[in-house]
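# output the structure for:
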Amino acid sequence: MSSIVTSSVVDGIATVLIDAPPVNAASQAVRAGLKRAFTELRDRSDFEAVVLACAGRTFMAGADIGEFDTGIAEPGYHEVFRLIEDCPKPVIAALHGTVLGAGTEMAISCHYRIADKGTKIGLPELSLGIIPGAGGTQRMPRLIGLEASIDLVLSGKPLLATKAAEIGLVDEIASGDVNAAALTYARTLVAEGAKPRRTRNLPVKDAGRAGELIAARQAQVAKTMKNRNSPVKLLEAMAAAASLPFDQGLKVEQDISDQLVDAVEARALRHLFFADREVRKIPGITKDIKARPIRKVGIVGAGTMGGGIAMCFANIGVPVTIIDVSDENLQRGLGVIRKNYEHSVSRGSLTGEQLEGRMGLLSTSTDYASLSDADLAIEAVFEKMELKKNIFQKLDAVLPQGAILGTNTSTLDIDEIAAATKRPADVIGLHFFSPANVMPLLEIVQGAKTSMDVLLTALDMAKLIKKTGVVSKVCYGFIGNRMMDPYAREAERMILEGATPEQTDGAMEEWGMAMGIHSVFDMAGIEVGTNCRLANPDMVPNDPSYYRCSDVLVENGRLGQKVGKGFYLYDPATRKRSPDPEALALLRGEAKRLGIPQRNPGKQEIQDRCLYAMINEGAKLLEEGIALRASDIDVVYTAGYGFPRYRGGPMFYADTIGLKAIRDRILELKEILDPQYWTPAPLLEKLALEGRTFAEWDASNNG
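Numbering: from 1, shown residues only. Next up is the predicted model:
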């Protein structure tokens with residue numbers, strides 16, 4: 001018997017135990033072990049029930065994701081789960097930790113389920129562009145009904161054991177050790193004469209409503225999960241559960257699964273699954289390097305960004321001291337933080353006691369000396385170099401030896417900031433995204449002199465505060481904003497060429513971006529970009545049309561949502577945007593003044609120019625070593641810039657289009673647009689002509 005799956009019989013109860021750390025994933029070895037165990041049990045008569053349990057911190061937490069690319073080795077999921085379901089004696093699943101995907105499908109192949117009260121049970125397959133393909137779409141509706149099953153899979157969110165028990169997914173909630181409770185439950189079932197209760201034989205209780213349920217969810221999916229195929233196909237598979245015998249429904253599920261697993265959507269989402277794990281692999285961070293402790297944090301700046309960053313640390317129990325120039329600013333900042341926490345309490349995601357506990361971790365001061373025992377200080381003030389350098393000199397004077405100095409700058413030269421201190425090795429960029437307490441991305445900017453233990457500490461810190469930390473080297477805008485610059489530049493230029501803000505935003509939102517760039521500018525404040533360009537005139541190209549839309553709107557007091565008008569008009573009550581003829585007239589007048597030809601670009605041209613300009617810049621970042629991997633760029637864009645995960649990020653998307661097709665389109669645009677922008681990056685040119693991809697470049701450069 002494999003040591004990964006063991007079986008034993010004690011006092012008439014068999015136990016099959018999976019021990020495959022860290023998460024007992026349903027690998028080929030686990031499936032083979034389960035097949036051996038249940039095949040042997042089938043031929044034995046010295047037991048009356050079986051407990052199926054997992055060692056360690058969790059029950060089976062999913063499949064072996066790597067097998068989706070290599071192919072599922074024998075024995076397959078269906079064979080193994082059918083063998084469990086066919087067991088002639090009752091099989092009880094002992095659930096704890098996170099029971100996800102294949103783990104849930106295995107649990108519902110068992111006849112009974114008992115769960116620790118903290119267990120979370122879910123089917124998150126849509127997050128990988130696939131459906132529950134190991135019987136989940138057919139067994140789950142028979143267990144909890146079609147409506148509850150569809151909602152469980154569409155949300156992707158796991159259910160707590162107590163809720164799972166309410167809807168019939170779990171039979172018992174354990175008190176104490178779940179494996180011991182499962183043995184007791186098994187003996188109770190045996191004493192009651194319980195027989196195997198095979199999920200596949202249960203009726204779908206709301207099958208009569210299948211038509212209306214499926215139609216309602218199809219409308220929901222079309223609105224909230226546009227451009228995606230897996231949710232549409234999920235509903236087909238679920239409909240089969242309601243209308244077909246189990247084995248026929250299983251065949252429908254299998255056919256759909258086979259279609260989806262190799263489709264672009266699933267490949268894109270698997271790519272990001274692995275890319276998220278690659279970002280921590282940094283050359284120079286060896287096993288002997290140790291992270292520094294972060295026991296107390298200082299934040300300079302009590303504004304929106306500083307407050308959001310402070311919340312990130314208070315949320316994990318780390319005390320924070322917030323510094324600002326006045327008590328008035330500090331009290332205002334604390335008020336905003338409290339309001340944010342109160343919103344969480346009203347939603348039920350936080351208790352009143354937790355709110356007070358987190359607020360109690362926040363202290364304020366106007367004196368930098370109060371940071372004399374901080375392990376980390378993060379500056380979060382306006383994007384003005386002299387201001388930041390002055391703050392870093394003050395921090396350098398008071399912070400203890402070994403403390404880390406972080407800057408939240410989104411564009412400025414971190415090496416110049418570090419040079420204002422006597423400890424440049426301790427300086428690092430920590431670029432949070434607004435709102436900092438919500439957005440998952442953290443760009444970690446490694447300066448020329450940043451030490452490796454400081455870099456490792458930043459990566460560990462990101463994980464602790466539940467952020468995805470991606471390392472960038474120093475350049476204007478780092479990875480994210482530098483690539484966003486050409487995207488937005490083209491969107492603005494196309495307005496001057498005759499498109500409207502709603503056409504450019506609409507084309508990109510239809511393609512899948514969470515928000516069009518003009519709406520983003522309106523939300524952030526259009527003057528932010530204008531001020532940044534004024535502060536960095538050397539970064540502005542020789543092009544009178546460059547960001548003129550934004551600058552003209554700012555010159556006319558149209559700063560965006562906060563004043564009710566920018567590229568759009570905003571309803572003061574709902575903040576809903578609507579087209580604004582006055583803004584359009586201003587922009588049309590500017591186009592005429594500049595003598596810009598009216599091309600009136602259509603949807604395809606808008607999408608090509610915005611996306612291909614971004615991809616071309618990404619290739620330059622790779623050549624320059626600013627980004628370590630193309631997949632790191634994809635993580636930045638899907639975690640921080642509203643790029644649709646189902647397209648895999650800009651560099652993965654480029655690979656799906658084909659780099660030669662993109663290079664050829666850039667050359668076409670070069671003939672009719674400004675050639676300073678429309679020249680293929682050398683790396684893009686090279687890979688395109690060699691017929692290679694960014695993924696292949698990653699493999700050869702970071703293998």
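
# neighbouring strands for the helix or strand hosting residue 53, and are they parallel or not?
With secondary structure defined by DSSP states H and E, residue 53 is part of strand 49-54. Neighbouring strands of strand 49-54 in its sheet, by DSSP bridges, are strand 13-18 (parallel), strand 91-95 (parallel).

# can you give me the mean pLDDT across the last one?
The average of the pLDDT scores along strand 91-95 is 98.

# right, and the helix or strand after it?
strand 98-100.

# what pairs with that following strand, parallel or antiparallel?
Partner strands for strand 98-100, per DSSP bridges, with pairing direction: strand 120-122 (parallel).

# point out where the stretch 451-600 of the chain drops to low pLDDT.
Counting by pLDDT under 70, not a single residue of the stretch 451-600 of the chain qualifies.

# can you tell me what sits against the strand holding residue 53?
For strand 49-54, contacts defined as CB atoms under 8 Å, 6 or more residues apart in numbering pick out 12-19, 24, 41, 59-60, 84, 87, 89-94, 96-97, 106, 110, 178-179, 182-183, 186-187, 189-190. Heads up, the C-betas are built off the backbone N, CA and C, glycines and all.

# and that strand, what's its mean pLDDT?
Here the average pLDDT along strand 49-54 is 98.

# now for the strands paired with strand 49-54, which one comes closest to residue 564?
strand 91-95 (52.4 Å; CB to CB).

# return the distance of that closest one from the chain's centre.
32 Å (CA atoms, centre = their mean, to the nearest Å).

# contact partners of that strand?
Strand 91-95 is contacted by residues 49-54, 59, 84-85, 106-107, 110-116, 119, 121, 161, 170, 174, 178-179, 181-182, 185-186, 189, 196 when judged by CB under 8 Å, 6+ apart.

# sorry, back to before: narrow the contacts of strand 49-54 to just the buried residues.
Those of the contacts of strand 49-54 that meet the buried threshold are 13-19, 24, 41, 59-60, 84, 87, 89-94, 96-97, 106, 110, 178-179, 182-183, 186, 189-190, by 16 or more other CB atoms under 10 Å.

# let me know the pLDDT of residue 382.
87.

# the contacts of strand 91-95 in helices, which ones?
Among the contacts of strand 91-95, the members falling in helices (DSSP state H) are 84-85, 106-107, 161, 178-179, 181-182, 185-186, 189.

# so which of those residues comes closest to residue 625?
residue 106 (45.1 Å).

# separation between the closest one and residue 485?
49 Å (CB to CB, to the nearest Å).

# what element comes up after the helix or strand containing residue 306 heading to the C-terminus?
Residue 306 is located in helix 304-314, with elements delineated by DSSP H and E. Going down the chain from helix 304-314, the next helix or strand is strand 320-323, by DSSP H and E.

# check the offset of that following strand from the chain's centre.
Centre to centre, stretch against its chain (CA atoms, centre = their mean), the figure for strand 320-323 is 29 Å.

# what does stretch 501-517 give?
20 Å.

# what lies in contact with it?
Counting by CB under 8 Å, 6+ apart, residues outside stretch 501-517 touching it are 226-227, 484, 487-488, 491, 494-495, 518-519, 523, 567-568, 579, 583-584, 603, 606-607, 610-611, 642-644, 646-647.

# restricted to buried residues, select those residues in ChimeraX.
Those of the contacts of stretch 501-517 that count as buried under 16+ other CB under 10 Å are selected in ChimeraX with:
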select :484,487,488,491,494,495,518,519,523,567,568,583,606,607,610,611,642,643,644,646,647
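
# in CSV, list the strands paired with strand 49-54 along with distance to residue 304.
Shown next, in CSV, are these (distance: least, CB to CB, whole Å):
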stretch, distance to residue 304
strand 13-18, 47
strand 91-95, 42
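
# and the ones you listed: which comes nearest residue 219?
Here strand 91-95 is closest among these (CB to CB), at 33.8 Å.

# figure out how far the strand or helix carrying residue 527 is from the centre of its chain.
If you go by DSSP H and E, residue 527 is part of helix 526-535. A distance of 29 Å separates the centroid of the chain from that of helix 526-535, by CA atoms, centre = their mean.

# likewise stretch 583-603?
For stretch 583-603, the distance to the chain centre is 37 Å (CA atoms, centre = their mean).

# hmm, who's touching that stretch?
Against stretch 583-603 from outside (CB under 8 Å, 6+ apart): 494-501, 503, 506-507, 510, 544-545, 548-549, 552-553, 556, 558, 565-569, 605, 609.

# in strands, which of those residues fall?
Judged by DSSP state E, the subset of the contacts of stretch 583-603 located in strands is residue 569.

# follow-up on the earlier one: of the ones in helices among the contacts of strand 91-95, closest to residue 66?
Using CB to CB, the ones in helices among the contacts of strand 91-95 come closest to residue 66 at residue 106, 18.6 Å.

# where's stretch 623-637 relative to the chain centroid, distance-wise?
Averaging C-alpha positions (CA atoms, centre = their mean) puts stretch 623-637 16 Å from its chain's average.

# let me fix that, I meant to ask about stretch 38-55.
40 Å.

# show me what counts as buried in that stretch.
38, 41, 47-54.

# from these, which two are the most distant?
Longest span within those, CB to CB: 48 and 54, 21.9 Å.

# in which helix or strand would I find residue 429?
strand 427-432.

# other residues contacting the following helix or strand past that strand?
Using DSSP H and E, the helix or strand that follows strand 427-432 in sequence is strand 441-446. For strand 441-446, contacts defined as CB under 8 Å, 6+ apart pick out 414, 428-433, 455, 458-459, 462, 465, 467-474, 478-480, 635-636, 639-641.
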